[in-house]
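> One predicted model, sequence on top.
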Amino acid sequence: MRQAKRPILNDGQSVVAVVEGHYGLYLVVTQSGVTLGPLIGSLAAIEIVDKSSVELLKPFRPSRF
């Protein structure tokens, strides 16, 4: 049986952000893709299309590290 490594950060939370300095690159890392995928996808789309920042995603920015 093969096993894959899961993207789990030290705090167990997702990371969602525009990657500064890399035009057009948007990062999402989460272990909860099945349950959070629709919500994160919708919120990420708002940020990407509107070039805005969704307050709900603020705790999941890489700047927390």
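Perfect, I can see it now. These figures come from a predicted structure and were not determined experimentally. Numbers count the residues shown, from 1 in each chain.

> which residues does the spatially most central residue of the chain bridge with?
Centroid check for the chain by CA atoms, centre = their mean gives residue 16 as the closest residue, at 2.3 Å. In this entry, residue 16 is beta-bridged to residue 28, by DSSP bridges.

> tell me the contacts of it?
Residue 16 makes contacts with 27, 28, 30, 40, 43, 44, 57, 60, 61, as judged by CB atoms under 8 Å, 6 or more residues apart in numbering. Any C-beta I mention is one placed from the backbone N, CA and C, and that applies to glycine too.

> Recalculate using a threshold of 10 Å.
Contact analysis of residue 16 by CB atoms under 10 Å, 6 or more residues apart in numbering lists 26-30, 36, 40, 43-44, 47, 54, 56-62.

> Please enumerate the helices of this protein.
33-50 (DSSP state H).

> How many residues are close by residue 59?
If you count neighbours by other CB atoms under 10 Å, residue 59 ends up with 10.

> Surely it is in contact with residue 17?
No: under the contact definition of CB atoms under 10 Å, residue 59 does not touch residue 17, with a separation of 11.3 Å.

> Now for those two: what residues contact both?
With CB under 10 Å, 6+ apart, residue 59 and residue 17 have no common neighbours.

> Could you list the buried residues of stretch 8-20?
14, 15, 16, 17, 18 (16 or more other CB atoms under 10 Å).

> any chance of the residues you listed in JSON lines, plus distance to residue 8 and pLDDT?
Below are the buried residues of stretch 8-20 laid out as JSON lines (distance: CB to CB, whole Å; pLDDT from 0 to 100):
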{"residue": "14", "distance to residue 8": "10", "pLDDT": "92"}
{"residue": "15", "distance to residue 8": "11", "pLDDT": "94"}
{"residue": "16", "distance to residue 8": "15", "pLDDT": "96"}
{"residue": "17", "distance to residue 8": "17", "pLDDT": "96"}
{"residue": "18", "distance to residue 8": "22", "pLDDT": "94"}
